Structures are given as C-alpha cells and as structure tokens.
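*Asks:* here you go, sequence then predicted model.
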Amino acid sequence: MAEPLDDKTAFGIDLGTTMSVVAQVNSAGLPIVLPNAEGSPTTPSIVLFDAGHAVVGAVARESLATEPASVVQLVKRHIGSGWTFDYGGVAYRPEHVSALILRKVVHDAQLLAGPVTQAAITVPAYFSDPMRAATLRAGELAGLEVLGLLSEPTAAALAYGYDRRPAGATGVVVDLGGGTFDVTVMEYDGAELKVRATGGDAYLGGANFDKVLFDRFVERFESAHGLDINDPDALSLDECAQVSQDWLLRAARAKHDLTSRDRTSVALQAAGLTLRVDVTRAEFVSGSAVLLDEMTEKMADVVAAAGITPKDISVVLPVGGATRMPAVRERMKEMFGVDPDTSVRPDEAVALGAALFAAQRQLERGGAITSAPPDRKSTRLNSSHI
C-alpha cells in the first residue's frame with residue numbers, strides 16, 4: 001500500500017459517468033492518483049441502495065445482476081434535470097446520487113491523504129449552467145469545499161503538460177469514457193488555452209463496445225443451444241436480468257483482454273447450459289465498425305466546427321479508458337495523421353489535471369487560475385505555480 005502523503009493539497013476529482021477517480025499533488029509537486037479502499041485507481045460510479053444504506057463502487061456494479069431495481073448508474077447523464085431514482089419511498093435527484101459517489105471516493109482518498117475536504121471537480125465542456133450548478137451542489141452535499149469546476153478537456157491538457165506545447169499549436173482531446181464520447185479542439189499558446197469547438201455523443205462509450213461482444217455471445221449461444229436469452233419466453237424476468245448483467249461484465253473483461261491480445265475466450269452460462277466462446281480482435285473490430293464510424297464522424301464534425309481541417313491538428317490527447325482500444329487509436333491516427341500521446345494513463349488524465357488545478361487554486365484563491373463558463377469557449381490558465 002502507498003505511504004500516506006505528507007502534504008495536504010486539495011483533491012482533484014474526475015466525477016465520471018461510469019468511473020470516478022481522485023488525485024492529489026504530492027510533496028514533490030507531482031499529481032498522483034489515490035487508490036480507493038479496494039486498491040483500485042478507479043471507482044465505478046454506481047450506487048446500490050440496500051436496507052437504508054448506500055453502497056458505492058464495485059459491489060454495486062456486481063449487484064446489477066442480482067438486484068437491478070436497487071442499483072443506479074449513469075447518473076451523470078441526468079445531472080441538472082428533474083430525473084429521480086425512486087427507492088424506499090424516497091426520490092433521489094442526480095445531485096443526491098452524485099454526492100454519494102463523491103463521499104465514497106473522498107472517504108477512501110482520505111485514508112491516504114488525511115482530512116482533506118477541499119477539491120476541484122471536473123465537468124464536460126458542454127455542461128450547461130444547471131448541470132454545473134447541480135455538480136457543485138453534489139460536492140457541497142458530500143461535505144466538500146469545491147474550489148472550482150474545471151472542464152474535462154482542460155484538465156486533460158494540464159495533465160499532458162499543455163504549457164510545454166509549441167506556441168500556436170492546435171490539439172484535440174478525444175475522450176471516450178464508459179458512457180460518453182466528447183471531442184474538444186483547443187489552441188495552445190504558452191500559459192493560455194482556448195477551446196475552439198466541442199461536441200460528441202452522450203450515448204456513445206465503452207459500454208457500446210461491450211454490447212457488440214454481448215450480442216455476439218447471444219448469437220453464439222443461440223446457435224449452440226437454441227436458447228435466445230433475449231426471448232421473454234425463454235427465461236424469467238429475473239433470470240434474464242441476471243444472465244444479461246453477467247454476460248455484459250464478461251463482455252467488458254473480454255474487451256479489456258482484446259486491447260493487448262489478439263484473441264480471448266469467455267465462459268457463458270444460462271438456464272443450466274454452458275458454452276465457451278472464442279473471440280478474436282479482428283472479429284471485435286469488424287463488429288464495432290459502426291461505432292468507430294460514428295466516432296470518426298463526430299471528430300470530423302467538431303474539427304469542422306472549429307474552422308480547421310484534420311491536418312491542422314498537431315496534438316492528439318486520448319482520454320477515457322476506452323481509448324486504450326487499438327482500433328480507437330488507429331481511427332485517431334487515420335483522422336489526424338498524428339500518433340495519440342500516450343504519456344499519461346487515459347483513465348487518470350482528467351483527475352491528474354484536476355489535482356494540478358486544485359493545488360494552484362488552493363494557493364491562489366481567486367487569483368491566476370480560472371475556468372471560463374462553457375459558453376465563452378475559452379479558458380486562461382497561469383501555470384507558473386504548477
């Protein structure tokens with residue numbers, strides 16, 4: 001286990017749609033991710049309501065298969081809206097559920113960092129004022145003093161060392177998380193960043209690629225056993241929910257395997273029947289062609305909205321764990337002709353940048369570092385103390 005940190009700098013929190021991460025600048029001035037109580041750098045943004053208690057993280061994710069009515073996920077998609085999750089006669093708004101997630105990740109981070117309660121929280125660049133206000137409220141409900149809300153692409157640029165880019169360079173942050181896809185074109189000029197355009201798809205993410213493998217499992221199982229688990233007459237509602245969630249988890253693991261391997265094998269069970277399915281990376285990429293094409297189209301749209309062409313991009317920053325997929329990185333290179341920067345772990349980049357932002361904000365409250373509202377399309381940062 002890592003040694004407790006000597007410093008008390010504020011946390012940087014990536015409150016993600018599917019995963020959340022906490023980071024902090026250590027005594028050497030370097031941002032580091034603080035693992036959760038289970039030893040993982042990422043915590044699933046999923047909440048299980050169980051007999052008056054809220055359980056956040058991996059246990060809640062595993063409970064999707066057995067207690068789907070008691071589990072809530074992807075709440076970030078609803079932040080700032082009137083949506084509620086009803087459980088036990090209580091209607092939980094998105095900020096209430098988000099606060100539970102924040103409490104978990106902050107409590108775990110405090111096991112290493114001590115009683116730190118100041119934090120910066122990241123939000124997508126496209127978030128509206130109601131969305132930002134609800135995120136701020138979630139932080140307050142979690143007992144945090146929120147030092148600021150930082151746009152996710154700006155946080156990523158910080159983590160990747162934007163101030164070391166050539167003056168006048170144009171970069172693109174490609175953020176493919178578990179549930180969303182965001183693209184932001186930014187101009188780099190020393191201590192200044194300017195967002196030229198941002199866009200994406202709130203319903204395109206790593207989970208869509210999991211579904212590609214899941215559908216292949218369904219087809220193979222039906223071919224081998226004549227059982228379609230999606231057929232309402234084949235399984236009871238509870239059995240269908242349990243099998244589907246189990247297979248989706250196996251699909252996610254298979255996707256991770258295929259990031260570094262050419263093939264993988266998955267053991268499936270349903271209705272007392274079993275099947276081992278072999279999947280190759282080539283098959284996975286072929287089945288994901290529509291999703292990859294959608295990514296390419298979104299990237300092209302944002303670049304066009306910035307008034308430039310793909311060849312004008314000189315820096316490509318991959319963010320989100322799903323950008324580890326070789327096919328995704330190949331699409332980035334095909335589009336921009338530039339190898340994605342791999343100097344920072346993509347699923348940690350936003351939190352690391354937020355930690356740098358939080359540390360400086362802590363030093364200069366209301367001073368040199370500011371995050372402009374999304375509608376201003378620009379952000380100015382002074383990095384002299386980072």
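*Replies:* Thanks, I have the structure now. Residues are numbered from 1 along each chain as shown.
*Asks:* could you pull out the helices for the stretch 51-200 of the chain?
*Replies:* All helices of the stretch 51-200 of the chain, identified by DSSP state H, counting those that start in this stretch, fall at 58-62, 94-113, 129-141, 152-159.
*Asks:* wait, isn't Thr9 in contact with Ala358?
*Replies:* Yes - Thr9 lies in contact with Ala358 (C-beta atoms under 8 Å); the separation is 6.9 Å. Glycine gets a C-beta too; all of them are placed from N, C-alpha and C.
*Asks:* what do these two both touch?
*Replies:* Gln24, Val25 (C-beta atoms under 8 Å, 6 or more residues apart in numbering).
*Asks:* higher neighbour count, the two?
*Replies:* Neighbour count, other C-beta atoms under 10 Å: between Thr9 and Ala358, Ala358 has more, with 30 against 23.
*Asks:* so, low pLDDT: which residues of the stretch 1-150 of the chain?
*Replies:* Counting by pLDDT under 70, the stretch 1-150 of the chain has low-confidence residues at 1-7.
*Asks:* and the strands in it, which stretches?
*Replies:* Assigned by DSSP state E, counting those that start in this stretch, the stretch 1-150 of the chain shows strands spanning 11-15, 19-25, 31-33, 43-44, 47-50, 53-56, 71-72, 85-87, 90-92, 118-123, 145-151.
*Asks:* just put those in TSV and tack on distance to Ala138 and mean neighbour count.
*Replies:* Formatted as TSV, the strands of the stretch 1-150 of the chain follow (distance: least, C-beta to C-beta, whole Å; neighbours: other C-beta atoms under 10 Å):
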stretch	distance to Ala138	mean neighbour count
strand 11-15	8	30
strand 19-25	11	27
strand 31-33	21	22
strand 43-44	15	24
strand 47-50	12	21
strand 53-56	13	17
strand 71-72	14	23
strand 85-87	14	16
strand 90-92	11	14
strand 118-123	8	26
strand 145-151	9	22
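*Asks:* redo the ones you listed as CSV? Include distance to Asp246.
*Replies:* What follows is these, written out as CSV (distance: least, C-beta to C-beta, whole Å):
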stretch, distance to Asp246
strand 11-15, 27
strand 19-25, 20
strand 31-33, 29
strand 43-44, 16
strand 47-50, 16
strand 53-56, 19
strand 71-72, 14
strand 85-87, 23
strand 90-92, 26
strand 118-123, 32
strand 145-151, 37
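*Asks:* which one, of those strands, ends up nearest to Phe209?
*Replies:* Smallest distance to Phe209 across the strands of the stretch 1-150 of the chain (C-beta to C-beta): 14.9 Å, for strand 19-25.
*Asks:* other SSEs contacting the closest one?
*Replies:* strand 11-15, strand 31-33, strand 43-44, helix 94-113, helix 349-363 (3 or more C-beta pairs under 8 Å, 6 or more residues apart in numbering; DSSP states H and E).
*Asks:* now distance to Thr154 too, for the ones you listed, in CSV please.
*Replies:* Converted to CSV, these look like this (distance: least, C-beta to C-beta, whole Å):
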stretch, distance to Thr154
strand 11-15, 12
strand 31-33, 14
strand 43-44, 23
helix 94-113, 20
helix 349-363, 7
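*Asks:* any idea which of those is most buried?
*Replies:* Mean neighbours per residue, mean count of other C-beta atoms under 10 Å, is largest over the helices and strands packed on strand 19-25 for strand 11-15, with a mean of 30.
*Asks:* ok, it: who's next to it in the sheet?
*Replies:* Partners of strand 11-15 in the sheet, by DSSP bridges, are strand 19-25 (antiparallel), strand 118-123 (parallel).
*Asks:* relative to Val90, which of those is closest?
*Replies:* strand 19-25 (22.6 Å).
*Asks:* want to throw the helices of the stretch 51-200 of the chain into a markdown table with distance to Arg261?
*Replies:* Listed next are the helices of the stretch 51-200 of the chain as a markdown table, based on distance: least, C-beta to C-beta, whole Å:
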| stretch | distance to Arg261 |
| --- | --- |
| helix 58-62 | 23 |
| helix 94-113 | 31 |
| helix 129-141 | 38 |
| helix 152-159 | 27 |
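*Asks:* in the stretch 151-300 of the chain, which spans are strands?
*Replies:* With DSSP E, counting those that start in this stretch as the criterion, the stretch 151-300 of the chain has strands spanning 169-176, 181-189, 192-201, 263-270, 273-280.
*Asks:* about what we covered before: closest one to Val172 among the strands of the stretch 1-150 of the chain?
*Replies:* Proximity to Val172, assessed across these by C-beta to C-beta, is greatest for strand 145-151 (14.3 Å).
*Asks:* packing partners of the closest one?
*Replies:* Looks like strand 145-151 contacts strand 118-123, helix 129-141, helix 349-363 (3+ C-beta pairs under 8 Å, 6+ apart).
*Asks:* please produce TSV containing the ones you listed, extended by distance to Arg220.
*Replies:* Below are the helices and strands packed on strand 145-151 laid out as TSV (distance: least, C-beta to C-beta, whole Å):
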stretch	distance to Arg220
strand 118-123	39
helix 129-141	41
helix 349-363	36
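*Asks:* so which of the ones you listed is nearest Val97?
*Replies:* Go through the helices and strands packed on strand 145-151 one by one with C-beta to C-beta and the one that ends up closest to Val97 is helix 129-141, at 8.3 Å.
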